[in-house]
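Peer 1: Give me a model of this one.
(2 chains)
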Amino acid sequence: GAVVSQHPSRVICKSGTSVKIECRSLDFQATTMFWYRQFPKQSLMLMATSNEGSKATYEQGVEKDKFLINHASLTLSTLTVTSAHPEDSSFYICSAALAGYGNEQFFGPGTRLTVL
Amino acid sequence: RKEVEQDPGPFNVPEGATVAFNCTYSNSASQSFFWYRQDCRKEPKLLMSVYSSGNEDGRFTAQLNRASQYISLLIRDSKLSDSATYLCVASNSGNTPLVFGKGTRLSVIA
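Peer 2: Next up, the predicted model:
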């Protein structure tokens, strides 16, 4: 099946620093990737849709200047959390849809961010 | 109102039991439906797609009722390894994001 990787898997940082998370589709090309966030005991919430070669589409309430998304190639999307604060601590998960697979999305293993 | 709502759980059942999860969705334009399984501190993994005619995969049976905008998942002969959170998911067709329910926690007890 299609494989999506994320890096890093876990990051702990000080408040005010920026953190970059990479999402890669390893064996397929993904024109569209999605970024989700999951707080403890909550459902996955879509943050933004990342389109290769164009600007990301952000969900209501997600600050585009704080969560920078770059989808520079068909296999890589990055999410940068700028000036992270403790309330940004969460589980960030990316996914990619594989055309012809009935809208199934393949998820990366997630990145657990802890901001001190 | 949340777009996808699920039984709150948790469900604590003995091994071998049959358990059913229910889910409703509010967006009548939804075309694709799935059940995902998520283990603690892990990413969701697709359990099965849900089709209008109903579909079965081993011990798992999924049903969809478009008129009622209702989805169900039945697990027969529960195993300890079935313990996880089960996420009901709806999506429009095409390359669109998935909308997740909050999930239902299942604990299968020996």
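
Peer 1: What segments of chain B are strands?
Peer 2: Here chain B has its strands, by DSSP state E, at B:4-6, B:11-14, B:19-25, B:32-38, B:44-50, B:55-57, B:60-65, B:70-75, B:84-91, B:99-100, B:104-109.

Peer 1: Kindly report the residues of chain A close to chain B.
Peer 2: A:31-32, A:34, A:36, A:42-46, A:49, A:91, A:93, A:95, A:97, A:99, A:102-105, A:107-110, A:112 (C-beta under 8 Å from any C-beta of the partner chain). Bear in mind the C-beta positions are built from the backbone N, C-alpha and C, glycine included.

Peer 1: which of the residues you listed count as buried?
Peer 2: A:31-32, A:34, A:36, A:43-46, A:49, A:91, A:93, A:95, A:97, A:103-105, A:107-108, A:110, A:112 (16 or more other C-beta atoms under 10 Å in any protein chain shown).

Peer 1: Just these: which are in strands?
Peer 2: A:32, A:34, A:36, A:45-46, A:49, A:91, A:93, A:95, A:97, A:105, A:107, A:112.

Peer 1: Skipping adjacent residues, who's closest to the residue nearest the centre of chain A in space?
Peer 2: Central residue of chain A (C-alpha atoms, centre = their mean): A:W35, 3.6 Å from the mean position. For A:W35, ignoring the flanking residues on the chain, the nearest one in space by C-beta to C-beta, 6 or more residues apart in numbering or on different chains is A:M47 at 4.6 Å.

Peer 1: in chain A, which helix or strand is least confident?
Peer 2: None of the helices or strands of chain A scores lower by mean pLDDT, DSSP states H and E than strand A:105-107, at a mean of 86.

Peer 1: Would you list the strands that that one pairs with, along with their directions?
Peer 2: Here strand A:105-107 is paired, per DSSP bridges, with strand A:90-97 (antiparallel).

Peer 1: could you check the angle strand B:32-38 makes with the partner strand?
Peer 2: 140 degrees (axes from the mean of the first three to the mean of the last three C-alpha atoms, to 10 degrees).

Peer 1: Also compute the angle for strand A:90-97 relative to strand B:44-50, please.
Peer 2: Using the same axes, to 10 degrees: strand A:90-97 against strand B:44-50 is 50 degrees.

Peer 1: Identify the residues contacting strand A:90-97?
Peer 2: For strand A:90-97, the external contacting residues (C-beta atoms under 8 Å, 6 or more residues apart in numbering or on different chains) are A:2, A:4, A:6, A:21, A:23, A:25, A:28, A:30, A:32-39, A:44, A:77, A:79, A:81, A:103-108, A:110-113, B:41, B:43-44, B:95, B:98.

Peer 1: And stretch B:20-32, by the same measure?
Peer 2: A:102-103, B:1-7, B:11, B:33, B:35, B:49, B:68-75, B:86, B:88, B:90-93, B:99, B:101, B:104, B:106.

Peer 1: Report the buried residues of it.
Peer 2: B:F21, B:C23, B:T24, B:Y25, B:S30, B:S32.

Peer 1: any idea how far the second one is from B:L80?
Peer 2: I take that to be B:C23. Distance from B:C23 to B:L80, counting by C-beta to C-beta, to the nearest Å: 24 Å.
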